[in-house]
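> Fold the following and give me the result.
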Amino acid sequence: MTDLRSLVQLTLIRIRVMLREPEIIFWVFAFPILLAVGIGLAFSDPSPDQVEVVVVESPDAPRHAGLLEGREGMTVRILPEGEAVDALRRGEAAVLVRRLGTGVELQVDPARAEGRTGRILVDQALQEGAGAARPVEVGVREVEQRGQRYIDWLIPGIIGFNLMSTGLWGVGFYITQSRQNRQLKRLVATPMPRGHFLLAQILARFFFLVVEVPVLLLLAWWIFDVQLEGNPVALTAVVILGAACFSGLGLLVCSRVRTTEAVSGLINVLVMPMVVLSGVFFSTTRFPDAVQPLVAILPLTALNDALRHVYNDGLPLHQAAPELGILVAWTVGSFFLALRLFRWQ
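Residues are numbered from 1 along each chain as shown. Down below sits the predicted model:
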(Lines give C-alpha, C1' and ligand atoms only; values in the text may rest on other atoms or scores of the structure.)
Protein backbone atom coordinates (compact mmCIF):
# COMPACT_ATOMS: atom_id res chain seq x y z
CA MET A 1 0.00 0.00 0.00
CA THR A 2 2.86 2.36 0.83
CA ASP A 3 4.48 1.69 -2.53
CA LEU A 4 1.21 2.41 -4.32
CA ARG A 5 0.76 5.64 -2.37
CA SER A 6 4.25 6.82 -3.35
CA LEU A 7 3.53 6.04 -7.01
CA VAL A 8 0.28 8.02 -6.88
CA GLN A 9 2.02 10.99 -5.23
CA LEU A 10 4.84 10.98 -7.79
CA THR A 11 2.30 10.90 -10.62
CA LEU A 12 0.33 13.79 -9.11
CA ILE A 13 3.53 15.80 -8.66
CA ARG A 14 4.40 15.35 -12.32
CA ILE A 15 0.89 16.37 -13.39
CA ARG A 16 1.03 19.51 -11.21
CA VAL A 17 4.42 20.46 -12.62
CA MET A 18 3.09 20.18 -16.17
CA LEU A 19 -0.04 22.18 -15.36
CA ARG A 20 2.06 25.00 -13.89
CA GLU A 21 4.10 25.43 -17.06
CA PRO A 22 2.13 27.31 -19.76
CA GLU A 23 4.46 26.20 -22.55
CA ILE A 24 3.67 22.55 -21.78
CA ILE A 25 -0.06 23.23 -21.93
CA PHE A 26 0.44 24.94 -25.29
CA TRP A 27 2.44 22.10 -26.85
CA VAL A 28 0.23 19.35 -25.40
CA PHE A 29 -3.20 20.86 -26.10
CA ALA A 30 -3.12 23.98 -28.27
CA PHE A 31 -0.41 23.08 -30.78
CA PRO A 32 -1.93 19.84 -32.18
CA ILE A 33 -5.31 21.56 -32.46
CA LEU A 34 -3.85 24.58 -34.26
CA LEU A 35 -1.83 22.26 -36.49
CA ALA A 36 -4.87 20.20 -37.46
CA VAL A 37 -7.02 23.27 -38.13
CA GLY A 38 -4.30 25.11 -40.03
CA ILE A 39 -3.39 22.19 -42.27
CA GLY A 40 -7.03 21.26 -42.75
CA LEU A 41 -7.79 24.76 -44.00
CA ALA A 42 -4.60 25.49 -45.92
CA PHE A 43 -2.59 22.39 -46.79
CA SER A 44 -5.52 20.66 -48.44
CA ASP A 45 -5.79 23.48 -50.98
CA PRO A 46 -2.29 24.08 -52.38
CA SER A 47 -1.53 25.54 -55.78
CA PRO A 48 -1.49 22.53 -58.11
CA ASP A 49 1.71 21.94 -60.08
CA GLN A 50 0.99 18.42 -61.32
CA VAL A 51 -2.43 16.81 -61.54
CA GLU A 52 -2.39 13.14 -60.55
CA VAL A 53 -5.10 11.10 -62.29
CA VAL A 54 -6.07 7.50 -61.52
CA VAL A 55 -8.15 5.47 -63.97
CA VAL A 56 -10.16 2.57 -62.55
CA GLU A 57 -9.37 -0.75 -64.23
CA SER A 58 -11.93 -1.69 -66.89
CA PRO A 59 -11.92 -2.81 -70.55
CA ASP A 60 -11.96 0.87 -71.56
CA ALA A 61 -9.30 1.97 -69.05
CA PRO A 62 -6.34 1.77 -71.50
CA ARG A 63 -8.23 3.90 -74.02
CA HIS A 64 -9.19 6.51 -71.42
CA ALA A 65 -5.67 6.57 -70.03
CA GLY A 66 -4.28 6.90 -73.56
CA LEU A 67 -6.38 10.02 -74.13
CA LEU A 68 -4.87 11.59 -71.00
CA GLU A 69 -1.24 10.44 -71.15
CA GLY A 70 1.30 12.87 -72.50
CA ARG A 71 -0.66 15.92 -71.42
CA GLU A 72 1.49 18.60 -69.82
CA GLY A 73 0.98 18.86 -66.07
CA MET A 74 -0.80 15.51 -65.81
CA THR A 75 0.30 12.02 -64.75
CA VAL A 76 -1.93 8.98 -65.21
CA ARG A 77 -2.08 5.56 -63.52
CA ILE A 78 -4.46 2.62 -64.00
CA LEU A 79 -5.42 0.99 -60.69
CA PRO A 80 -8.00 -1.45 -59.31
CA GLU A 81 -11.03 0.38 -57.99
CA GLY A 82 -10.18 -0.05 -54.30
CA GLU A 83 -6.64 1.26 -54.76
CA ALA A 84 -7.88 4.14 -56.91
CA VAL A 85 -10.39 5.23 -54.26
CA ASP A 86 -7.70 5.00 -51.57
CA ALA A 87 -5.33 7.10 -53.70
CA LEU A 88 -7.97 9.81 -54.01
CA ARG A 89 -8.71 9.70 -50.29
CA ARG A 90 -5.05 9.90 -49.28
CA GLY A 91 -4.40 12.86 -51.54
CA GLU A 92 -2.17 10.88 -53.92
CA ALA A 93 -4.57 11.56 -56.81
CA ALA A 94 -6.63 14.61 -57.68
CA VAL A 95 -9.08 12.97 -60.10
CA LEU A 96 -10.49 9.45 -60.34
CA VAL A 97 -11.75 8.37 -63.77
CA ARG A 98 -14.29 5.54 -63.87
CA ARG A 99 -16.26 4.04 -66.75
CA LEU A 100 -19.95 4.85 -66.44
CA GLY A 101 -22.17 3.31 -69.09
CA THR A 102 -20.96 4.56 -72.46
CA GLY A 103 -19.14 7.51 -70.89
CA VAL A 104 -16.96 8.22 -67.87
CA GLU A 105 -17.43 9.60 -64.38
CA LEU A 106 -14.89 11.93 -62.80
CA GLN A 107 -14.64 11.72 -59.03
CA VAL A 108 -12.99 14.70 -57.30
CA ASP A 109 -12.66 16.29 -53.88
CA PRO A 110 -13.99 19.86 -54.37
CA ALA A 111 -12.10 21.08 -51.31
CA ARG A 112 -8.77 20.55 -53.09
CA ALA A 113 -7.46 22.91 -55.75
CA GLU A 114 -5.99 19.97 -57.70
CA GLY A 115 -9.44 18.42 -57.84
CA ARG A 116 -11.10 21.51 -59.25
CA THR A 117 -8.33 22.11 -61.78
CA GLY A 118 -7.96 18.43 -62.65
CA ARG A 119 -11.66 18.08 -63.37
CA ILE A 120 -11.41 20.75 -66.08
CA LEU A 121 -8.14 19.43 -67.52
CA VAL A 122 -9.31 15.81 -67.68
CA ASP A 123 -12.63 16.72 -69.29
CA GLN A 124 -10.84 18.86 -71.86
CA ALA A 125 -8.26 16.15 -72.60
CA LEU A 126 -10.92 13.46 -73.04
CA GLN A 127 -12.96 15.58 -75.44
CA GLU A 128 -9.92 16.65 -77.48
CA GLY A 129 -8.64 13.08 -77.67
CA ALA A 130 -11.98 11.65 -78.74
CA GLY A 131 -12.57 14.33 -81.38
CA ALA A 132 -15.58 16.51 -82.07
CA ALA A 133 -17.33 13.73 -83.97
CA ARG A 134 -17.25 11.34 -80.99
CA PRO A 135 -17.53 13.41 -77.80
CA VAL A 136 -17.16 11.58 -74.50
CA GLU A 137 -20.08 11.80 -72.11
CA VAL A 138 -18.53 12.99 -68.83
CA GLY A 139 -20.25 13.03 -65.46
CA VAL A 140 -18.80 14.51 -62.29
CA ARG A 141 -19.24 13.29 -58.71
CA GLU A 142 -17.88 15.43 -55.92
CA VAL A 143 -16.56 13.43 -52.97
CA GLU A 144 -17.79 15.09 -49.80
CA GLN A 145 -18.80 12.11 -47.70
CA ARG A 146 -16.87 11.45 -44.54
CA GLY A 147 -13.89 9.16 -44.74
CA GLN A 148 -12.90 9.99 -48.31
CA ARG A 149 -11.46 13.50 -47.89
CA TYR A 150 -7.88 14.52 -47.24
CA ILE A 151 -8.80 15.97 -43.84
CA ASP A 152 -10.23 12.58 -42.78
CA TRP A 153 -6.88 11.00 -43.61
CA LEU A 154 -4.92 13.82 -41.94
CA ILE A 155 -6.46 13.79 -38.44
CA PRO A 156 -5.06 10.36 -37.39
CA GLY A 157 -1.64 11.53 -38.56
CA ILE A 158 -1.91 14.59 -36.32
CA ILE A 159 -2.84 12.34 -33.38
CA GLY A 160 0.20 10.14 -34.07
CA PHE A 161 2.45 13.19 -34.41
CA ASN A 162 1.20 14.52 -31.07
CA LEU A 163 1.75 11.19 -29.30
CA MET A 164 5.30 11.05 -30.64
CA SER A 165 6.17 14.65 -29.76
CA THR A 166 4.74 14.69 -26.27
CA GLY A 167 6.11 11.24 -25.46
CA LEU A 168 9.66 12.10 -26.46
CA TRP A 169 9.72 15.66 -25.18
CA GLY A 170 7.42 15.25 -22.17
CA VAL A 171 9.33 12.27 -20.82
CA GLY A 172 12.84 12.53 -22.24
CA PHE A 173 13.41 16.25 -21.79
CA TYR A 174 11.91 16.45 -18.29
CA ILE A 175 13.97 13.55 -16.91
CA THR A 176 17.16 14.97 -18.41
CA GLN A 177 16.35 18.33 -16.87
CA SER A 178 15.82 16.64 -13.49
CA ARG A 179 19.18 14.88 -13.84
CA GLN A 180 20.93 18.12 -14.80
CA ASN A 181 19.40 19.90 -11.79
CA ARG A 182 20.51 16.99 -9.55
CA GLN A 183 16.90 16.29 -8.62
CA LEU A 184 17.29 12.62 -9.56
CA LYS A 185 20.32 12.31 -7.31
CA ARG A 186 18.31 13.62 -4.35
CA LEU A 187 15.38 11.33 -5.13
CA VAL A 188 17.64 8.27 -5.16
CA ALA A 189 18.59 9.04 -1.55
CA THR A 190 14.93 8.73 -0.46
CA PRO A 191 13.04 5.46 0.24
CA MET A 192 11.23 5.94 -3.08
CA PRO A 193 11.32 2.83 -5.30
CA ARG A 194 13.30 3.93 -8.35
CA GLY A 195 10.92 2.36 -10.80
CA HIS A 196 8.05 4.41 -9.41
CA PHE A 197 9.63 7.66 -10.55
CA LEU A 198 9.93 6.41 -14.12
CA LEU A 199 6.46 4.87 -14.08
CA ALA A 200 5.00 8.13 -12.78
CA GLN A 201 6.24 9.94 -15.90
CA ILE A 202 4.35 7.45 -18.07
CA LEU A 203 1.16 7.62 -16.00
CA ALA A 204 1.21 11.42 -16.11
CA ARG A 205 1.33 11.20 -19.92
CA PHE A 206 -1.68 8.88 -19.92
CA PHE A 207 -3.55 11.36 -17.73
CA PHE A 208 -3.13 14.10 -20.32
CA LEU A 209 -4.13 11.72 -23.12
CA VAL A 210 -7.56 11.43 -21.52
CA VAL A 211 -8.04 15.13 -22.26
CA GLU A 212 -5.98 15.97 -25.33
CA VAL A 213 -7.09 13.23 -27.74
CA PRO A 214 -10.87 13.63 -27.16
CA VAL A 215 -10.53 17.42 -27.50
CA LEU A 216 -8.76 17.02 -30.84
CA LEU A 217 -11.36 14.52 -32.07
CA LEU A 218 -14.25 16.75 -31.01
CA LEU A 219 -12.78 19.78 -32.78
CA ALA A 220 -12.15 17.70 -35.92
CA TRP A 221 -15.80 16.66 -35.85
CA TRP A 222 -17.06 20.17 -35.11
CA ILE A 223 -14.97 22.05 -37.69
CA PHE A 224 -14.48 19.47 -40.46
CA ASP A 225 -17.20 16.87 -39.78
CA VAL A 226 -14.53 14.18 -39.32
CA GLN A 227 -16.00 11.23 -37.45
CA LEU A 228 -14.67 8.01 -36.01
CA GLU A 229 -15.64 5.12 -38.29
CA GLY A 230 -14.31 2.35 -36.04
CA ASN A 231 -14.66 1.14 -32.47
CA PRO A 232 -13.76 3.76 -29.80
CA VAL A 233 -12.29 1.01 -27.61
CA ALA A 234 -10.03 -0.12 -30.45
CA LEU A 235 -8.91 3.47 -31.06
CA THR A 236 -8.21 3.90 -27.34
CA ALA A 237 -6.08 0.75 -27.34
CA VAL A 238 -4.01 2.01 -30.29
CA VAL A 239 -3.56 5.43 -28.66
CA ILE A 240 -2.42 3.89 -25.36
CA LEU A 241 0.03 1.58 -27.12
CA GLY A 242 1.38 4.49 -29.16
CA ALA A 243 1.80 6.63 -26.05
CA ALA A 244 3.60 3.79 -24.26
CA CYS A 245 5.87 3.25 -27.26
CA PHE A 246 7.04 6.86 -27.46
CA SER A 247 7.25 7.21 -23.69
CA GLY A 248 9.61 4.23 -23.75
CA LEU A 249 11.64 5.86 -26.51
CA GLY A 250 11.71 9.05 -24.45
CA LEU A 251 13.14 7.10 -21.51
CA LEU A 252 15.70 5.44 -23.77
CA VAL A 253 16.83 8.74 -25.28
CA CYS A 254 17.37 10.33 -21.86
CA SER A 255 18.82 7.26 -20.15
CA ARG A 256 22.43 8.47 -20.28
CA VAL A 257 22.24 12.08 -21.44
CA ARG A 258 23.45 14.69 -18.96
CA THR A 259 22.26 18.00 -20.45
CA THR A 260 19.03 19.33 -21.94
CA GLU A 261 20.94 20.56 -25.00
CA ALA A 262 22.15 17.04 -25.74
CA VAL A 263 18.74 15.44 -25.30
CA SER A 264 17.14 18.11 -27.51
CA GLY A 265 19.51 17.15 -30.30
CA LEU A 266 18.83 13.44 -29.89
CA ILE A 267 15.07 13.94 -29.86
CA ASN A 268 15.24 16.03 -33.03
CA VAL A 269 17.32 13.31 -34.70
CA LEU A 270 14.44 10.91 -34.01
CA VAL A 271 11.54 13.26 -34.68
CA MET A 272 12.50 14.89 -37.98
CA PRO A 273 12.95 11.71 -40.08
CA MET A 274 9.67 10.28 -38.78
CA VAL A 275 7.76 13.50 -39.47
CA VAL A 276 8.96 13.33 -43.08
CA LEU A 277 8.83 9.57 -43.69
CA SER A 278 5.98 8.25 -41.54
CA GLY A 279 2.92 9.55 -43.35
CA VAL A 280 1.85 12.39 -41.08
CA PHE A 281 0.97 14.90 -43.81
CA PHE A 282 1.24 12.81 -46.99
CA SER A 283 1.23 9.14 -47.91
CA THR A 284 4.31 6.97 -47.47
CA THR A 285 3.69 5.51 -50.94
CA ARG A 286 5.26 8.63 -52.43
CA PHE A 287 8.70 7.38 -51.41
CA PRO A 288 10.81 5.04 -53.60
CA ASP A 289 10.42 1.29 -53.19
CA ALA A 290 14.01 1.06 -51.93
CA VAL A 291 13.17 2.92 -48.70
CA GLN A 292 9.75 1.35 -48.09
CA PRO A 293 11.07 -1.42 -45.77
CA LEU A 294 12.72 1.23 -43.59
CA VAL A 295 9.61 3.42 -43.59
CA ALA A 296 7.39 0.47 -42.63
CA ILE A 297 9.28 -0.36 -39.42
CA LEU A 298 9.37 3.18 -38.05
CA PRO A 299 7.19 3.41 -34.92
CA LEU A 300 5.32 6.50 -36.13
CA THR A 301 4.51 4.80 -39.45
CA ALA A 302 3.06 1.81 -37.61
CA LEU A 303 1.10 4.07 -35.26
CA ASN A 304 -0.32 6.24 -38.05
CA ASP A 305 -1.31 3.22 -40.13
CA ALA A 306 -2.99 1.53 -37.14
CA LEU A 307 -4.84 4.74 -36.27
CA ARG A 308 -6.10 5.10 -39.84
CA HIS A 309 -7.17 1.45 -40.02
CA VAL A 310 -9.41 2.01 -37.00
CA TYR A 311 -10.33 5.69 -37.36
CA ASN A 312 -10.91 5.93 -41.11
CA ASP A 313 -11.51 2.38 -42.29
CA GLY A 314 -13.44 1.06 -39.28
CA LEU A 315 -11.32 -2.11 -39.12
CA PRO A 316 -11.10 -4.29 -36.00
CA LEU A 317 -7.82 -4.45 -34.12
CA HIS A 318 -6.80 -7.86 -35.45
CA GLN A 319 -6.64 -6.43 -38.98
CA ALA A 320 -4.03 -3.96 -37.76
CA ALA A 321 -1.95 -6.76 -36.22
CA PRO A 322 1.25 -6.11 -38.26
CA GLU A 323 1.32 -2.45 -37.22
CA LEU A 324 0.49 -3.28 -33.60
CA GLY A 325 3.24 -5.90 -33.59
CA ILE A 326 5.79 -3.28 -34.68
CA LEU A 327 4.60 -0.94 -31.92
CA VAL A 328 4.82 -3.68 -29.29
CA ALA A 329 8.35 -4.54 -30.42
CA TRP A 330 9.46 -0.90 -30.16
CA THR A 331 7.74 -0.53 -26.78
CA VAL A 332 9.27 -3.64 -25.21
CA GLY A 333 12.69 -3.02 -26.73
CA SER A 334 12.88 0.64 -25.70
CA PHE A 335 11.75 -0.01 -22.11
CA PHE A 336 14.13 -2.95 -21.75
CA LEU A 337 17.12 -0.95 -22.97
CA ALA A 338 16.11 2.17 -21.03
CA LEU A 339 15.91 0.30 -17.72
CA ARG A 340 19.27 -1.36 -18.40
CA LEU A 341 21.04 1.85 -19.35
CA PHE A 342 19.31 4.43 -17.15
CA ARG A 343 21.67 6.56 -15.08
CA TRP A 344 20.33 8.38 -12.02
CA GLN A 345 23.30 10.67 -11.45
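> Find the nearest non-adjacent residue to residue 174, please.
Leaving aside its chain neighbours, residue 174 sits nearest to residue 201 (6.9 Å; criterion: C-beta to C-beta, 6 or more residues apart in numbering). (Each C-beta comes from the backbone N, C-alpha and C, glycine too.)
> Which residues are in contact with the one you found?
By C-beta atoms under 8 Å, 6 or more residues apart in numbering, the residues touching residue 201 are 14, 170-171, 174-175, 247, 250-251.
> quick one: which of these is nearest residue 81?
residue 247 (40.7 Å; C-beta to C-beta).
> Surely that closest one is in contact with residue 167?
Yes - taking C-beta atoms under 8 Å as the definition, residue 247 is a contact partner of residue 167 at 4.7 Å.
> neighbour-wise, which of these two wins?
Taking other C-beta atoms under 10 Å, residue 247 and residue 167 do not tie; residue 247 has more neighbours (29 against 25).
> give me the element the more buried one is part of.
helix 232-254 (DSSP states H and E).
> domain assignment for the protein?
Per the record, the chain has its domains at 2-42+149-341, 51-142, by automatic domain parsing.
> could those go into TSV alongside mean pLDDT?
TSV is the format used below for those (pLDDT from 0 to 100):
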stretch	mean pLDDT
domain 2-42+149-341	82
domain 51-142	80
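> Okay, residue 9 and residue 84: tell me how far apart.
56 Å (C-beta to C-beta, to the nearest Å).
> Have a look at these two and say which one is more surrounded.
Between residue 9 and residue 84, residue 84 has the larger neighbour count (other C-beta under 10 Å), namely 23 against 13.
> Now do the SS call for the closest residue to that one other than its chain neighbours.
Nearest non-adjacent residue to residue 84, counting by C-beta to C-beta, 6+ apart: residue 54, 4.3 Å away. Three-state assignment for residue 54 (DSSP: H, G, I helix; E, B strand; the rest coil): strand.
> burial of residue 250, as a residue count?
30.
> Can you give me the neighbour number for the residue nearest to residue 224 when sequence neighbours are not counted?
The shortest distance from residue 224 to any non-neighbouring residue, by C-beta to C-beta, 6+ apart, is to residue 151 (4.8 Å). Look at residue 151: counted by other C-beta under 10 Å, it has 24 neighbours.
> Also the one 3 residues further on?
By other C-beta under 10 Å, 25 other residues sit near residue 154.
> my guess is it contacts residue 281, does it?
Yes - Residue 154 lies in contact with residue 281 (C-beta under 8 Å); the separation is 7.0 Å.
> Secondary structure element holding residue 65?
Per DSSP H and E: residue 65 is located in helix 61-68.
> same check, this time on residue 267
helix 260-277.
> Show me what that helix is packed against.
Counting contacts by 3 or more C-beta pairs under 8 Å, 6 or more residues apart in numbering; DSSP states H and E, helix 260-277 is packed against helix 150-167, helix 174-180, helix 232-254, helix 299-311.
> Could you dump those into CSV and include distance to residue 291?
Formatted as CSV, the helices and strands packed on helix 260-277 follow (distance: least, C-beta to C-beta, whole Å):
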stretch, distance to residue 291
helix 150-167, 19
helix 174-180, 31
helix 232-254, 21
helix 299-311, 11
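> Of all the ones you listed, which one comes closest to residue 4?
So among the helices and strands packed on helix 260-277, helix 232-254 is nearest, using C-beta to C-beta, at 20.0 Å.
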